[in-house]
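S.K.: I need the structure of the sequence given here:
(4 chains)
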Protein chains: 2
Amino acid sequence: MTSKGASIAATQDRPTIHDVARRANVSPATVSKVLRGIGSAKPENIARIREAVRELGFRVDPLAANLRKAQRAIIGLVVPDFRNPLFGALVAEFEQLAAADGYRLVAVSSAETNEREEAQIEALLDWRVAGLIVIPTDGALTKAATIMEQGVATVLLDRVPANSPFDSVGVDNFAASAAVVRHLVELGHRHILLATSSLSRPNMQDRMHGAMSVAEAAGAAGMIEVLACGVDLPSALQAVAGRLDAGTMPTAIFTLFSPATLATLRELGRRGLAIPEDLSLVGFDDVEWLQVTHPPVAAVIQPVTELAHTTWAQMMRRLRKEAEGDAHFVVPCRLDFRGSVAPPRAR
Amino acid sequence: MTSKGASIAATQDRPTIHDVARRANVSPATVSKVLRGIGSAKPENIARIREAVRELGFRVDPLAANLRKAQRAIIGLVVPDFRNPLFGALVAEFEQLAAADGYRLVAVSSAETNEREEAQIEALLDWRVAGLIVIPTDGALTKAATIMEQGVATVLLDRVPANSPFDSVGVDNFAASAAVVRHLVELGHRHILLATSSLSRPNMQDRMHGAMSVAEAAGAAGMIEVLACGVDLPSALQAVAGRLDAGTMPTAIFTLFSPATLATLRELGRRGLAIPEDLSLVGFDDVEWLQVTHPPVAAVIQPVTELAHTTWAQMMRRLRKEAEGDAHFVVPCRLDFRGSVAPPRAR
DNA sequence: CTGAAAGCGCTTACAG
DNA sequence: CTGAAAGCGCTTACAG
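M.R.: Numbering: from 1, shown residues only, chains lettered A, B, ... in the order given. Predicted coordinates for the structure are as follows:
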């Protein structure tokens, strides 16, 4: 049953460069050159080749074409989670940038674990990607040694470890957080709850330190209260709920990652606490639902497009061997103090 | 400057199967067989090969390994937009499923345009993917002929055209919508606003028809008012705002895609309209922010994991040639009538 | 049980 | 301007 000689349908019989060559009466080498616009060829041959290509519907196999080169025209991208819209937006940006430069993007996710991150990076290296863009799960980046060893162009994005030997691009987390807290302090807030995720993430540390620095400069380090909220929505809900049920109320909450913002909105609403009357709220990362509420929630906005462009530009420089040493780019965030921020209620 | 003979660092010199063979004193063919666990080999040779692999840190080049086969162990996935969390979740699911079956997932996006969709599908076919999973931009799927011609295993997902010649997997949009409207009608609603996106999307048609069918069965087709909301948040905001500013108020709104839900929440809030007192609200697609509000917003929940698993299972059947004809899977949605739904206020 | 040879679809020196 | 040959890193018949 299975071995019917007639089952041809399943076979893809795409034309090869040899088919084109035969039809155009030239050698495969010539076809290859003409198709890549390299060297010169007799006009009539060029014409015949183009015609054969059209008639046959020939398209080069990009993977085979890359086989003789040390690297393929592929850039690997590792994101922690496809579900996060910020990363989704970055994937979309890189996809476009890659296409514009003749590269193919292969995006994979680490599921926020070091093990998957390792495995994914290894798999990408197996593919002989020309470059690697990594949003690390945390500062560890356990595959760093392997990457360095193979000399693959690499740019770290967003969660950039302090002393990375790789090129890196991130936002100015410290400055953005500091600016938020400064604004809150100016409005009169003296008890600010900082909702953080895992401090093993370098960006989280910077955000926290930025906030602290302002309090310390004001000689009132105690005005910042830190609440560790885990890394996802369930843990954030639990942490925020627990905190709101006990202890004195802060006058403002600054959530350093978006699940905490979501958790805070939900728990405040559940308790009938009004924003900004009872409490001011600012969230790191702008997401569309921040404006579902009334008033809309103030946010630290990451410049997604700029992050992607900066990263890609550096990647291209690396691939063209124009870059030396490791470069570290820090781009500023934009702050939008929407209606969720106001002076604390007079007590 | 550039052509220093000493610049070896840039060259990746990964060991090849020949290096392993030499070190283990066997032929490359034998290494290949042992590594794939095919055929049999002398135990001592197996041991020496494994040792050489370990010492050299050899890993097969999966692309080169696939070169002699008609197809590569790659599944291409085309999603309309990486920014949509529903699609993000699907990408994540497929990534895992692919890994479990020894395939590699290459996910690309069509940016909701037919042109990009075409180009992406062609590029994927150039890669000689073994299979293609496509969430079409709309019902057109302009590359259908090419795909069929090449005989690549294909499964359409989510936005499934009515008479697709391909395998397909989608939710029961009709039934889910009908159930929502039935529930609203039972509660006493007689004027329901249906916020739709582009009707060129097959799933959107089904959702609308499902809603209509209930009204018609009740002999009151007029109770459904349809509002076209474009395809994204800005257009939805405009459409919803415009509608709320004029005409008699519906007693319930059923938004058929999530940007419309977001837009509705925002515009209702802006006008100080209370949910569910002034208006009931149900949204198609569950997203985490539906529970930021109080009360939380009722939703039609798509079974993401089940969709992915069903799709993948069919894909594997195709690749194993176990499937004949085209199969169409329809999986039910789950409804969660949260606090945003109540009987209409007595007038 | 094993290896030499040919091949996958291209590109790359190298002659001519 | 062009083509024969070798090669990229593997796998696949085919002998032995």
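
S.K.: Now do the same for the residue in chain A that chain B sits nearest to: helix, strand or coil?
M.R.: Ranked by C-beta to the nearest C-beta, the top residue of chain A for proximity to chain B is A:Trp289, at 3.6 Å. From N, CA and C alone the C-beta is placed, and that goes for glycine too. Here A:Trp289 is helix, with the state taken from DSSP: H, G, I helix; E, B strand; the rest coil.

S.K.: anything in stretch A:319-337 sitting right up against chain B?
M.R.: Yes. Applying C-beta under 8 Å from any C-beta of the partner chain, one finds stretch A:319-337 in contact with chain B at A:Lys321.

S.K.: Go ahead and name everything in contact with that stretch.
M.R.: Under the criterion C-beta atoms under 8 Å, 6 or more residues apart in numbering or on different chains, residues A:130-131, A:153, A:160, A:164-173, A:175-176, A:179-180, A:183, A:282, A:286, A:298-303, A:306-307, A:310-311, A:314, A:317, B:2, B:10 lie in contact with stretch A:319-337.

S.K.: ok, now stretch A:196-206?
M.R.: Outside stretch A:196-206, the residues touching it (C-beta under 8 Å, 6+ apart) are A:138-140, A:158-162, A:170-171, A:173-174, A:177, A:207-208, A:226-231, A:236, A:256-257, A:259-260.

S.K.: Try it again at 7 Å.
M.R.: Outside stretch A:196-206, the residues that touch it by C-beta atoms under 7 Å, 6 or more residues apart in numbering or on different chains are A:138-139, A:158-162, A:170, A:173-174, A:208, A:226, A:228-231, A:256-257, A:260.

S.K.: The residue in chain A positioned nearest to DNA strand D - how many residues pack around it?
M.R.: Closest to DNA strand D within chain A is A:Ser40: 2.6 Å, counting by C-beta to the nearest atom of the strand. Applying other C-beta atoms under 10 Å in any protein chain shown, we find 9 residues neighbouring A:Ser40.

S.K.: Repeat that for the one 10 residues further on.
M.R.: Summarising burial for A:Arg50: neighbours were counted as other C-beta under 10 Å, giving 14.

S.K.: what is the rounded mean pLDDT of stretch A:196-209?
M.R.: Here stretch A:196-209 scores 93 as its mean pLDDT.

S.K.: actually stretch A:286-300, not the one I typed
M.R.: Stretch A:286-300 shows a mean pLDDT of 90.

S.K.: got the end-to-end distance for that stretch?
M.R.: 6 Å (C-alpha to C-alpha, to the nearest Å).

S.K.: buried sites along that stretch?
M.R.: Neighbour-count burial for stretch A:286-300, counted by 16 or more other C-beta atoms under 10 Å in any protein chain shown, picks out A:286-287, A:289-300.

S.K.: ok, and what's touching that stretch?
M.R.: Contacts for stretch A:286-300 (C-beta under 7 Å, 6+ apart): A:85, A:176, A:180, A:258, A:261, A:265, A:275-276, A:281-285, A:301, A:333, A:335-341, B:233, B:262, B:265-266, B:269-270, B:289, B:292-293.

S.K.: Just the buried residues out of those residues, in PyMOL syntax.
M.R.: Here is the PyMOL command that selects only those of the contacts of stretch A:286-300 that count as buried (16+ other C-beta under 10 Å):
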select buried, (chain A and resi 85+176+180+258+261+265+275+276+281+282+283+284+285+301+333+335+336+337+338+339+340+341) or (chain B and resi 233+262+265+266+269+289+292+293)
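
S.K.: In the host helix or strand of A:Val20, which residues are buried?
M.R.: In the assignment (DSSP states H and E), A:Val20 maps to helix A:17-24. Buried residues in helix A:17-24, counted by 16+ other C-beta under 10 Å: A:17, A:19-24.

S.K.: possible to save the residues you listed as JSON lines with distance to A:Val78 and pLDDT?
M.R.: Output for the buried residues of helix A:17-24, formatted as JSON lines (distance: C-beta to C-beta, whole Å; pLDDT from 0 to 100):
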{"residue": "A:Ile17", "distance to A:Val78": "34", "pLDDT": "93"}
{"residue": "A:Asp19", "distance to A:Val78": "38", "pLDDT": "91"}
{"residue": "A:Val20", "distance to A:Val78": "37", "pLDDT": "92"}
{"residue": "A:Ala21", "distance to A:Val78": "40", "pLDDT": "92"}
{"residue": "A:Arg22", "distance to A:Val78": "43", "pLDDT": "90"}
{"residue": "A:Arg23", "distance to A:Val78": "43", "pLDDT": "91"}
{"residue": "A:Ala24", "distance to A:Val78": "43", "pLDDT": "91"}
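
S.K.: from those residues, which are also near DNA strand C?
M.R.: A:Ile17 (C-beta under 7 Å from any atom of the strand).

S.K.: domains of chain A?
M.R.: What automatic domain parsing lists as the domains of chain A is A:1-59, A:72-170+A:304-330, A:173-303.

S.K.: Comparing those by mean pLDDT, which bottoms out?
M.R.: Per-segment mean pLDDT for those reaches its minimum on domain A:1-59, at a mean of 78.

S.K.: Tell me how far that one lies from the chain's centre.
M.R.: When distances are taken as C-alpha atoms, centre = their mean, to the nearest Å, domain A:1-59 is centred 39 Å away from the chain's centroid.

S.K.: what's the answer for stretch A:110-123, then?
M.R.: How far stretch A:110-123 lies from its chain's middle: 15 Å, per C-alpha atoms, centre = their mean.

S.K.: which residues sit against that stretch?
M.R.: Contact with stretch A:110-123 is made by A:78, A:80-81, A:108, A:132, A:137, A:140, A:142-143, A:147, A:231, as judged by C-beta under 7 Å, 6+ apart.

S.K.: May I have the residues that are in contact with the closest residue to A:Ile224 other than its chain neighbours?
M.R.: Counting by C-beta to C-beta, 6 or more residues apart in numbering or on different chains, A:Ile224 lies nearest to A:Ala215, which is 4.6 Å off, once chain neighbours are set aside. Neighbouring residues of A:Ala215 by C-beta under 7 Å, 6+ apart: A:181, A:221, A:223-224.

S.K.: how about the strands of chain A, start to end?
M.R.: Per DSSP state E, chain A carries strands over the ranges A:72-79, A:104-109, A:129-134, A:153-157, A:167-171, A:192-196, A:224-228, A:252-255, A:280-284, A:298-301, A:328-331, A:334-336.

S.K.: Pairing partners for the shortest one, with directions?
M.R.: Looking back up the chat, that one is strand A:334-336. Using DSSP bridges, the strands paired with strand A:334-336 are strand A:298-301 (antiparallel).

S.K.: Over to the first one?
M.R.: Under the criterion DSSP bridges, strand A:72-79 sits next to strand A:104-109 (parallel), strand A:129-134 (parallel) in its sheet.
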